[in-house]
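Participant: structure for this input, please:
(2 chains)
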Amino acid sequence: MDIVVEHLTKRYGPQKAVDNISFRVKAGEVLGFLGPNGAGKTTTMKALSCFILPDEGDVKIGGFSVREHPEEIKKHIGYLPENNPLYQDMNIIEFLEFIAKIHEIPKHLIQERLLDMVKVCGLEGEKHKLIKELSKGYQQRVGLAQALIHDPDILILDEPTTGLDPNQIVEIRKLIKRIGKEKTVILSSHILAEVEATCDRIMIINNGRVVVDGTAEEMRKQARGNEILRLGVAGGDINDIFEKVMDIESVETVDFIDFECQILEVQSYSNASSVKAIFDTCVANNYYITELTPIETKLEDIFRELTTH
Amino acid sequence: MNQVYQIARRELSGFFDSLMGYVLIIMFLGFSGFFTWIYGDDIFFIGEANLNIFFKVAYWSLFFFIPSLTMRSLTGELKGGTLELLLTKPISYWQLIMGKFTSTFVLISMALAPSIIYYISLWSIGSVDHPAIILGYIGLLLMSMSYIALGIFCSSISDSPIIALLSTLFIGIFFHQIFETVASSSLGVTGSIFSSLSMFTHFESISRGIFDLQDFIYFFSLIIFGLYASKEILVSRNLKA
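Facilitator: All right, here's what the predicted structure looks like:
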């Protein structure tokens, strides 16, 4: 099922939480919404899941519009809201059964789907407990289970790892990656590493607008197209080395990272690579290379750059 | 319909899991039994084979019990955030509200049901006016439905169950007693307007065995208005939230 968002706008009072956002998601993609708090990620997801109606624009899922056929859309979406609201007083099986019946899963299939969800979400050992007795990590899994139980084509997860400890985070991410192989997944986060680790495609949202839309590599390339190397050279005076490296044609700038250890940061011009030239220079002058590592522009930096204004 | 049934079923189990259901039934039957058969103007004292005393006791005890049941109905969902969970499932606002309404009504009916024993006991003691008693029960049920609708409406406007409870009682007391008091001390048109707004008037009328369309219209208007208003409040909260 394809998702098409067209000029989606949503206001809260005078403020535009989502400002004319448009994008498409193909079936099977795993898309990550990234953005600072208040950027509009949750509002966008609420519009996708038919919880709120857009003020302007439309969302079409599988050809159905959220304005005209939300009932149809809801059958194909599994939604895990922020804060994962659950009925604390029910036990896991009761709760999942309730959700299954709401989704009108045929009676004879319910038992099977229930056990399947318990297995897939790793709830085996806890399945007779009341939801309020579960740790946050397990509650999150129950939230995922209710989003999956009707086997939707599309999964919308709002900050699925918030508040979890590092072990739980790894487990949930593994689960999401596994699910992502068969379903379309949209997840939101303000943790870059998470989005990078689980998603094929990243959209950075800020102030209600899409700032960047692409894969992690595309984003890095786009942000700084230049090669940056961490270069350590020995066998000569650092200042001489500095001069020689500066002289290389493809090198744009050279900076000191560590004077004592003779480590430089070498940035090349766009679309140029200085690796061979550096090697040749060193050979010509009897220097030897102690370190040569590409420095990848960190997503954090891209994020900062794009979202602080 | 399935959705309404599922919600109602879940709510009803919730009432019993939280012991609220048991507390209500026991207290209601306790009160009713005490004041109908033992204390004050009880049946033996009055010496007539009718359940008017019981209906009068129930008229007031239900007035207090129902808001305590409904105070959590929507505030719970709003506070816990589960409204968002439910409304992204194939469920409409109406189905949710009707589910809540139905479950509370079933619980009230379960509380009233054992009082059939009073009816049967009377029947074995004296000559009973059957239609009067049956209509009395119908009056109680209609009154209950009206207050359940009011209670659900008040629980939709606030996140706090206490505010829901107090506002239900506050609005309710006007219908339950105040309009009647004003009506009986007014003359002419004013008097009859307040009288037609008063729950007391319509309840009395039905439980006296009078089958008047006006009374049914009164109750159903309250019920439909309460439920419709709840839906509109929920929708408008969502548009903002």
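
Participant: what pLDDT does A:Phe256 get?
Facilitator: According to the predicted model, the pLDDT of A:Phe256 comes to 88.

Participant: neighbours of it, just the number please.
Facilitator: Close neighbours of A:Phe256, defined as other CB atoms under 10 Å in any protein chain shown, add up to 12. In this view, the C-beta of every residue, glycine as well, is placed from N, C-alpha and C.

Participant: A:Val195 touches A:Leu34, doesn't it?
Facilitator: Yes. At 5.0 Å, A:Val195 and A:Leu34 qualify as touching, with contact defined as CB atoms under 8 Å.

Participant: between those two, point out the one with more neighbours.
Facilitator: Shown here are A:Val195 and A:Leu34; by other CB under 10 Å, A:Leu34 has more neighbours (29 against 25).

Participant: quick one: residues contacting the more buried one.
Facilitator: A:Lys41, A:Ser188, A:Ser189, A:His190, A:Leu192, A:Val195, A:Ile202, A:Met203, A:Ile204, A:Ile205, A:Phe303 (CB atoms under 8 Å, 6 or more residues apart in numbering or on different chains).

Participant: in helices only, show me those residues.
Facilitator: Counted as lying in helices by DSSP state H, out of the contacts of A:Leu34, are A:Lys41, A:Leu192, A:Val195, A:Phe303.

Participant: quick check: which of those are also close to chain B?
Facilitator: Among those, no residue is within reach of chain B (CB under 8 Å from any CB of the partner chain).

Participant: near chain A, which residues of chain B show up?
Facilitator: Going by CB under 8 Å from any CB, the residues of chain B near chain A are B:2-3, B:6-7, B:10, B:14, B:17-18, B:80-92, B:238-241.

Participant: out of those, which are buried?
Facilitator: B:3, B:6-7, B:10, B:14, B:80, B:82-91, B:238 (16 or more other CB atoms under 10 Å in any protein chain shown).

Participant: name the SS class of whatever residue of the stretch 151-300 of chain A ends up closest to chain B, please.
Facilitator: Residue of the stretch 151-300 of chain A nearest chain B, by CB to the nearest CB: A:Ile156 (8.6 Å). Per DSSP: H, G, I helix; E, B strand; the rest coil, the secondary structure class of A:Ile156 is strand.

Participant: let me see the contact set for it.
Facilitator: By CB under 8 Å, 6+ apart, the neighbours of A:Ile156 are A:Met45, A:Leu48, A:Ser49, A:Ile77, A:Gly78, A:Tyr79, A:Leu80, A:Ala147, A:Val185, A:Ile186, A:Leu187.

Participant: for A:Val211, same thing?
Facilitator: Going by CB under 8 Å, 6+ apart, A:Val211 touches A:Ile204, A:Ile205, A:Leu306, A:Thr307.

Participant: with adjacent residues omitted, what lies nearest to the third one?
Facilitator: Translated: A:Leu306. A:Val211 (4.7 Å; CB to CB, 6 or more residues apart in numbering or on different chains).

Participant: what are the buried residues along the helix or strand harbouring the one you found?
Facilitator: Assigned by DSSP states H and E, A:Val211 falls within strand A:209-214. For strand A:209-214, burial by neighbour count (16+ other CB under 10 Å) applies to A:Val210, A:Val211, A:Val212.

Participant: nearest to A:Asn84 among those residues?
Facilitator: A:Val210 (26.0 Å; CB to CB).

Participant: quick check: bridge partners of the closest one?
Facilitator: Per DSSP bridges, the residues bridged to A:Val210 are A:Ile205.

Participant: that one touches A:Ile202, doesn't it?
Facilitator: No. Counting by CB under 8 Å, A:Ile202 is not a contact partner of A:Val210; they are 10.7 Å apart.

Participant: confidence score at residue 123?
Facilitator: This is for chain A. 89.

Participant: that's the wrong chain, I wanted chain B
Facilitator: In this model, B:Trp123 carries a pLDDT of 85.
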